[in-house]
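# need the 3D shape of this:
(chains A and B)
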2 protein chains.
Amino acid sequence: MSAFTDLWREIAEVGGTPRDGYVRLAWTPPEWELRTWFEAEARYRDLEFEVDGNTTMWATWNPAGATGPAVVTGSHLDSVPHGGAYDGPLGVVSAFLAVEVLRARGVTPARPIRIAAFAEEEGSRFGVACLGSRLMTGALDPERARALTDADGVTLAEAMAGYDFDPARLGADPARLRDMHAFVELHVEQGRALTVPVGIGSSIWPHGRWRMDFTGQGNHAGTTLMGDRCDPMLTYAFAVLAANKEARTHGAHATVGRVAVHPNATNAIPSRVTGWLDARAASTATLDELLAGLGTKIATRAAKDGTTVTITAESTTGEIGFSERLIDRCVTVLGARTPVLPTGAGHDAGVLSAVVPTVMLFVRNPTGVSHAPAERADDEDCEAGIEALADVLEELACR
Amino acid sequence: MSAFTDLWREIAEVGGTPRDGYVRLAWTPPEWELRTWFEAEARYRDLEFEVDGNTTMWATWNPAGATGPAVVTGSHLDSVPHGGAYDGPLGVVSAFLAVEVLRARGVTPARPIRIAAFAEEEGSRFGVACLGSRLMTGALDPERARALTDADGVTLAEAMAGYDFDPARLGADPARLRDMHAFVELHVEQGRALTVPVGIGSSIWPHGRWRMDFTGQGNHAGTTLMGDRCDPMLTYAFAVLAANKEARTHGAHATVGRVAVHPNATNAIPSRVTGWLDARAASTATLDELLAGLGTKIATRAAKDGTTVTITAESTTGEIGFSERLIDRCVTVLGARTPVLPTGAGHDAGVLSAVVPTVMLFVRNPTGVSHAPAERADDEDCEAGIEALADVLEELACR
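Numbers count the residues shown, from 1 in each chain, chains lettered A, B, ... in the order given. Just a heads-up that it's a prediction; the model follows:
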């Protein structure tokens, strides 16, 4: 059994369901179990453990002689509901093991090396992705964050307080950012673009989440004449198909994966339907064009259905290019034939790249499936990822 | 204040929400409060109160000299989630007040007059409409009923037991059916078909509920190429629009008002979507044709989307004509100009009509809205309904 399979097995059961992937939402028992595991791993490896005001966990290897801002690596531990095992935890497990590799190599870093685990990266509980890193960089107002609610109406402040975290401590942390020399996030690749074990991230597509609220007239499903209806489910259904078509036309990605219906009864025409649109494209111009076209089409349909629609951006992120200089150094260390590739997925690395030199490493995903139970990476590829991460950390921390 | 507004006010708060209608689901605290109210009203009026094994409540006026099977009236007290005040309770309140009217008239009925309140008529909690009357007539197997689950996974047996009802007592009750001479259900009309205060029901359109299960491949919304997707939300959306189109083409009604998505996350292509289809038509042939056409269209689309679909009937009811003889007697009593009209809505009266001579009275609905907070009837029309019900009960119980 390798060091990877050994450590990976330690968290394999946490938040798992028999046949339906992982549910590891922020500030819930499974995520708390992963937090406990992280702290134990940090202490076992003689790393300095710390939790900051945004509930991000940190584990620092600060050997004698190391000075200056740290080279930081890591990812997140939360999952989408019924997601896969790799998205997030692979980067954290790899970070611990890359430190082991460097120690085994007898490397003495000139800078501290620090491991991070950010909170609520998926935004699956409170709707804002990369919540921990957005708070840290000041991209998200702590007042707004505290008031966010989950599907059960629990506020983020209440959820945090349930685990004895102080919601008043949420917010920008410039001192901690100044103490970051660079950030490297290792992550499972989420498509089928990578055909060798390890690649280097070049950029993140511009992307966002929009809430589409459709309002009509609730009524009886059996007795209301078809011509008398103002059924928001029809406008919603049209929007789902139109988003798909627009994405295909624009070479972009668009998905409606979440919906809420009121009252959601078989024999009632709904009064309200809310759908969430996830859209991404290679350029901001393309994304804007997609949204404009889609908005017009949905408005036209709503008029026909006698419904109203409002589309509200919940989070948007422009195109993010990772540090050219870090990409070059990764290519130097990992070899000129290492693929350099963009991704359609958002990451804490994308948020941090606005304020800290940042790069990503990707580990091959043989099926391309992610955010679902079938998500996986081969052990050998994960081990190659750990070696690559160790190489990059050595490059950044020792030179 | 009239006797109607007085009694109506007693239950006006039960299960109400500030701006969003009534939530009075079977075997929950609001429904229990209505049960307590029913028993108190029965005892206050010196009616014999009883709850049977199917948790149907009965209140019988059995004056000296009355013999033979009873004339039964009543309706149900449960609501759809966030429904209106009238659907169900109007028939129960009117029944109590019609008895008052007969007593005030000095009528001495030759047969007992009995008021019924059936359980889970809407099927909003456990998915099977007219559950109480279906159990009583033997149309629903008690074993199946006990195993039904609500949205939280609570079984019907557990829900009943929570209120000290014995699930083992569910089932057909032929003795109680034999003790019914006739059944008259007064109900708020649920469309805009009635333009005078009171009408007589002629028939119920054949109707049913079908569960449509769409299965695809869960995946990442950001990274999965459009051409690589097997997104069941697309097939669902197509089905919603196709059902609407088929209904319009066939002069029928079709609605998809309820949906469940897994995992229902903004950044995940769903692995499963379930939609519930409610469809009704003036004839069984039309309904069958609608469903066959829709099934074919959805299957074709599913093949294109790379998804699978299965459509399962959850409950179906053929065309129901009420008793011709009772309709004639109502027309005689209420006047030749009283409208006689069909309805697209299912009712306990429809279930009972298979085994007991049955008829319905409808009270005008000025907006035609039902199963929604805006559902209403004017007080004067409700009072006219009570008088009409008293007239019909007098006709059936005294002659």
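# near chain B, which residues of the stretch 101-250 of chain A?
A:122-124, A:127, A:129, A:189-192, A:205, A:207, A:209, A:217-226, A:228, A:231, A:233-234, A:236-238, A:240-241, A:244, A:247-248 (CB under 8 Å from any CB of the partner chain). Where you see a C-beta, it was placed from the backbone N, CA and C, and this is true even at glycine.
# for PyMOL, write a command that selects the buried ones of those.
Only the buried members of those end up in this PyMOL selection, burial being decided by 16 or more other CB atoms under 10 Å in any protein chain shown:
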select buried, chain A and resi 122+123+124+127+129+189+190+191+192+205+207+209+217+218+219+220+221+222+223+224+226+231+233+234+236+237+238+240+241+244+247
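# in strands, which of the residues of the stretch 101-250 of chain A next to chain B fall?
Cross-referencing these against strands under DSSP state E gives A:His207, A:Arg209, A:Asn219, A:His220.
# between the residues you listed, which is nearest chain B?
Distance to chain B, by CB to the nearest CB, is smallest for A:His220 among those, at 3.8 Å.
# spatially nearest residue to that closest one (excluding sequence neighbours)?
Spatial nearest neighbour of A:His220, excluding adjacent residues (CB to CB, 6 or more residues apart in numbering or on different chains): B:Ser370 at 3.8 Å.
# what's the burial count for that neighbour?
Burial of B:Ser370 is recorded as 30 neighbouring residues (other CB atoms under 10 Å in any protein chain shown).
# A:Pro109 too?
The number of residues packed near A:Pro109 is 22, by other CB under 10 Å.
# any idea how far the closest residue to it other than its chain neighbours lies from A:Gly162?
Excluding the flanking residues, the one nearest A:Pro109 by CB to CB, 6+ apart is A:Ala397, at 3.8 Å. Distance of A:Ala397 to A:Gly162, given as CB to CB, to the nearest Å: 37 Å.
# that older thread, element containing the residue nearest to A:Pro109, please.
According to DSSP states H and E, A:Ala397 maps onto helix A:379-398.
# show me what the helix or strand where A:Met212 lies is packed up against.
A:Met212 is part of strand A:207-215, with elements assigned from DSSP H and E. For strand A:207-215, the helices and strands in contact under the criterion 3 or more CB pairs under 8 Å, 6 or more residues apart in numbering or on different chains; DSSP states H and E are helix A:232-250, strand A:272-280, helix A:284-305, strand A:308-317.
# A:His181: which of the ones you listed is closest?
Distance to A:His181, taken as CB to CB, is lowest for strand A:308-317 among the helices and strands packed on strand A:207-215, at 23.8 Å.
# off-centre distance for the next helix or strand after the closest one?
Following the chain from strand A:308-317 toward its C-terminal end, the next helix or strand by DSSP H and E is strand A:320-321. Computed by CA atoms, centre = their mean, to the nearest Å, the chain-centroid distance of strand A:320-321 equals 15 Å.
# touching chain B at all, strand A:320-321?
No - no part of strand A:320-321 sits close enough to chain B to count as contact by CB under 8 Å from any CB; the gap is at least 12.7 Å.
# which residues touch the helix holding A:Ala397?
Contact partners of helix A:379-398, identified using CB atoms under 8 Å, 6 or more residues apart in numbering or on different chains, comprise A:2, A:4-5, A:8, A:66, A:71, A:73, A:90, A:94-95, A:97-99, A:101-102, A:105, A:107-113, A:181-182, A:184, A:186, A:197-198, A:326, A:329-330, A:332-334, A:359, A:361, A:363-364, A:377.
# quick one, domains of chain A?
Taking automatic domain parsing as the criterion, chain A consists of the domains A:3-205+A:319-398, A:207-317.
# who has more neighbours out of A:Ala397 and A:Gly162?
For A:Ala397 versus A:Gly162, neighbours defined as other CB under 10 Å are more numerous around A:Ala397 (25 against 12).
# report the separation between the more buried one and A:Val99.
With CB to CB as the criterion, A:Ala397 and A:Val99 are 10 Å apart.
# give me the common contacts of those two.
Applying CB under 8 Å, 6+ apart, one finds that A:Ala397 and A:Val99 are jointly contacted by A:Ile113.
# all helices of the stretch 101-250 of chain A, in order?
Listed in chain order, the helices of the stretch 101-250 of chain A (DSSP state H, counting those that start in this stretch) span A:131-137, A:142-147, A:156-161, A:174-178, A:232-250.
# redo those helices as TSV? Include distance to A:Lys297 and mean pLDDT.
Supplementary listing: the helices of the stretch 101-250 of chain A in TSV, determined by distance: least, CB to CB, whole Å; pLDDT from 0 to 100:
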stretch	distance to A:Lys297	mean pLDDT
helix A:131-137	31	98
helix A:142-147	31	97
helix A:156-161	34	96
helix A:174-178	42	97
helix A:232-250	5	98
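# most packed of those?
Between those, the one whose residues have the most neighbours on average, counting mean count of other CB atoms under 10 Å in any protein chain shown, is helix A:131-137 (a mean of 27).
# what's that one packed up against?
Counting contacts by 3+ CB pairs under 8 Å, 6+ apart, helix A:131-137 is packed against strand A:113-118, helix A:142-147, helix A:174-178, helix A:348-352.
# residues in contact with the last one?
The contact list for helix A:348-352, computed with CB under 8 Å, 6+ apart, reads A:75-76, A:116, A:118, A:121, A:130, A:132-134, A:136-137, A:139, A:180, A:183-185, A:187, A:201, A:204, A:317, A:320, A:322, A:358-360.
# returning to what we had before: relative to B:Gly53, which of the domains of chain A is closest?
Per CB to CB, nearest to B:Gly53 of the domains of chain A: domain A:207-317, 26.0 Å.
# which residues touch the one residue in the stretch 251-399 of chain A that gets nearest to chain B?
Nearest residue of the stretch 251-399 of chain A to chain B (CB to the nearest CB) works out as A:Ala372 at 3.2 Å. Contacts here follow CB under 8 Å, 6+ apart; on that basis A:Ala372 touches A:Gly21, A:His82, A:Gly83, A:Gly84, B:Gln217, B:Gly218, B:Asn219, B:His220, B:Ala268, B:Ile269, B:Ser271.
# got it, and A:Ser353?
Contact partners of A:Ser353, counting by CB under 8 Å, 6+ apart, are A:Phe183, A:Ile320, A:Gly321, A:Phe322, A:Ser323.
# distance of it from A:Ala193?
Taking CB to CB as the measure, A:Ser353 falls 20 Å from A:Ala193.
# could you single out the nearest of the contacts of A:Ala372 to A:Trp61?
Nearest to A:Trp61 among the contacts of A:Ala372, counting by CB to CB, is A:Gly84 at 28.5 Å.
# so for the residue nearest to that closest one when sequence neighbours are not counted, what's the pLDDT?
Using CB to CB, 6+ apart and skipping the chain neighbours, the partner closest in space to A:Gly84 is A:Glu375 (2.5 Å). The predicted local confidence for A:Glu375 comes out at a pLDDT of 93.
# one more: A:Met1?
Note for A:Met1: predicted pLDDT of 68.
# now do A:Pro339
On pLDDT, A:Pro339 comes in at 97.
# again, but for A:Gly127
Taken from the predicted model, the pLDDT recorded for A:Gly127 is 89.
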